[in-house]
Every structure is written in structure tokens, then in C-alpha cells.
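Student: Prediction below, plus the sequence it came from.
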Amino acid sequence: MKIAICYCSRHHGNTRKVVQAMAGECGADLFDLNEAQDVCLDGYDLIGLASGIYAFAFDPTVADLARRRLPEGKPVFFACTYGGAKGTGERAVAQIASERHCPVLGSFGCRGYNTFGPFGWFGGSGKGLPGEADLQRARAFVRDMCAACAQKRSKGE
């Protein structure tokens, strides 16, 4: 099974740590959207979209890639890191996935180190996050996503 994870990680690399753990678990190809924004996803069986949560939303680069390049009907999952709460951060990419008839198999989220705004004045919040326990949960999550995708494929969905 071919898996792609497209991500945008800024500031402290929180999301990068999570997707690297996922890729190490399942052999996914990682696409850093800060470097390559014109990714072809047609040959992948499962697509992950990941971002830090900025102003309560995924980075617009991820939503833009999904709008332009997400193949019709491909299973997807979401992953995010956040400073305080996940909120409705994946709403825009979930809407795009729905419009493309892409089944959403799941969503992973965990806290990360945050120095945005007033948090920076006091040394930040979430120091040391995502931690090893978060990365273990990310690995377990992506294993579940692969199993769910394989099950859908075996049923011909």
C-alpha cells in the first residue's frame, strides 16, 4: 500500500515530529508543503493531511493542496498539533475531502510546544511536546489507518 502524508509544520516542528513518527511506522512518503507545493497524489492508496493549528485552522497551504491535488475518492486521514485545543481546525480540509468523495478514516491530534502570542512572553506552553507518548499514539493511529484502508480495499469500496 502506498501512503502519502502532506504536511505543513512551522515554528517548532511539532507536526513534523508527528508525521515523521507516522512515516517511520508505515513507510509513508512525506511531502513538506513548505518546500514542495505541487505534489501528485494520484498513485497513492491513502493520503494524510497534517498541519499545526494556526488561528483555529489548518495552515492554508494544506487546504490549497487538497483543493488542487486531492484525487477523487481516495481515503484520507488528518493529523494536527496545537497549542491549547484542537477546536475545528480540520474543518476546511474535511469539507474538501467530502466534496471529492474521499472517505475520512480518522483524525489524530496532540499538543505541541507553543510560543505564539502571549505564550512566548512566559517561555511558552507545552514544553517537550509532542513527547514520546504522543508519538507512540501517532504510530498506533497510522497503523489503524492502514488497516482501515486495507479493509476498504479488500471489500472493493
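Tutor: Happy to help now that I have it. In this text the structure is predicted, and so the values were computed from the model without any measurement.

Student: Pull out the buried residues from stretch 58-74.
Tutor: Neighbour-count burial for stretch 58-74 flags 58, 59, 61, 62, 63, 65, 66, 69, 70, 74 (criterion: 16 or more other Cβ atoms under 10 Å). (Glycine included, C-beta is placed from N, CA and C.)

Student: Could you work out the most separated pair of those residues?
Tutor: Greatest spatial distance among the buried residues of stretch 58-74 (Cβ to Cβ): 59 and 74, at 20.5 Å.

Student: who's in contact with residue 24?
Tutor: Residue 24 makes contact with residue 139, according to Cβ atoms under 8 Å, 6 or more residues apart in numbering.

Student: what's the distance between it and residue 14?
Tutor: Residue 24 sits at a distance of 16 Å from residue 14 (criterion: Cβ to Cβ, to the nearest Å).

Student: how about TSV for the buried residues of stretch 58-74, with pLDDT added?
Tutor: Formatted as TSV, the buried residues of stretch 58-74 follow (pLDDT from 0 to 100):
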residue	pLDDT
58	90
59	90
61	93
62	94
63	92
65	94
66	95
69	95
70	96
74	95
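
Student: From these, which land in strands?
Tutor: Here DSSP state E is the test, and the buried residues of stretch 58-74 give residue 58 as lying in strands.
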